[in-house]
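Enquirer: here are the coordinates; sequence isn't available:
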DNA sequence: ACATTAAGCGATA
DNA sequence: TATCGCTTAATGT
């Protein structure tokens, strides 16, 4: 925000920023220009809240770079990680859920860059070709994913849940490295346990066991999956009575 | 099949 | 040096 009240940030945002983002990829340069001129660009250090659960949903966002962790707090004060958002996705789109407040807290899992717009503009954006269908797709995918996790929590055992969670992480946010696929942002045992409703100790023991068998490689805050197929087998293993 | 408690170690800031 | 991330063993449910 500048002193004259305009919302444009220092250098004019480059159009290539949005050119390949799914919600805007079908737009002409001129339309992208319009949208960018309405946007605020902001960099967030690792571990800060972009917005908080219950807060007034006054802006919506698209993640250009980095990763966002969507978390909720239970009655007893424990954190639950709902999902992670990769670059190119919209988030904080409360109005798409018919809400005026944010339903969860968004924390940066790594240093991130995001554009945001005032929520008042939400109803005008579907005029842009592809935006509406893309947001429906995003909302649908996320609901499906959370739905799957509910079934998972209820039916699968811890080892399978952690295996599934790890697979989702590398599928959605994985980066190719020397000896496998690495989760592309810093992630602790605690984080993984909050994703799978278990304890960091159990996660630590599982990762140690998997590492001994060559399925994964991990150091502090970093996890590499070396043998995805073996993890798939574990995740599909039927619960034993 | 898990969680919890406790102790200790190396990495990181 | 203090804190954090992590591991492991022992014990509890």
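Expert: Yes, it's here. Being a predicted model, the structure only gives us computed values, none of them experimental.

Enquirer: Can you spell out which residues form a bridge with the residue most central in space within chain A?
Expert: Nearest residue to the geometric centre of chain A (CA atoms, centre = their mean): residue A:85, 1.4 Å. Residue A:85 forms beta bridges with residue A:68, as assigned by DSSP bridges.

Enquirer: residues contacting it?
Expert: A:63, A:67, A:68, A:69, A:70, A:91, A:106 (CB atoms under 8 Å, 6 or more residues apart in numbering). Every C-beta, even on glycine, is put in place using the N, C-alpha and C of the backbone.

Enquirer: quick check, nearest of these to DNA strand C?
Expert: residue A:69 (13.0 Å; CB to the nearest atom of the strand).

Enquirer: a markdown table for the contacts of residue A:85, including distance to DNA strand B?
Expert: Shown next, in a markdown table, are these (distance: CB to the nearest atom of the strand, whole Å):
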| residue | distance to DNA strand B |
| --- | --- |
| A:63 | 23 |
| A:67 | 17 |
| A:68 | 20 |
| A:69 | 18 |
| A:70 | 21 |
| A:91 | 26 |
| A:106 | 23 |
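
Enquirer: Beyond the helix ranked longest in chain A, next helix or strand please.
Expert: Longest helix in chain A, counting residues (DSSP state H): helix A:131-155. Counting by DSSP states H and E, the next helix or strand C-terminal to helix A:131-155 is helix A:158-173.

Enquirer: ok, back up a step: so which of the contacts of residue A:85 would count as near DNA strand C as well?
Expert: Here nothing survives when the contacts of residue A:85 are matched to DNA strand C using CB under 7 Å from any atom of the strand.

Enquirer: pLDDT and neighbour count for those - can I get that in JSON lines?
Expert: Below are the contacts of residue A:85 laid out as JSON lines (pLDDT from 0 to 100; neighbours: other CB atoms under 10 Å):
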{"residue": "A:63", "pLDDT": "97", "neighbour count": "24"}
{"residue": "A:67", "pLDDT": "97", "neighbour count": "24"}
{"residue": "A:68", "pLDDT": "97", "neighbour count": "25"}
{"residue": "A:69", "pLDDT": "97", "neighbour count": "25"}
{"residue": "A:70", "pLDDT": "97", "neighbour count": "22"}
{"residue": "A:91", "pLDDT": "98", "neighbour count": "22"}
{"residue": "A:106", "pLDDT": "97", "neighbour count": "25"}
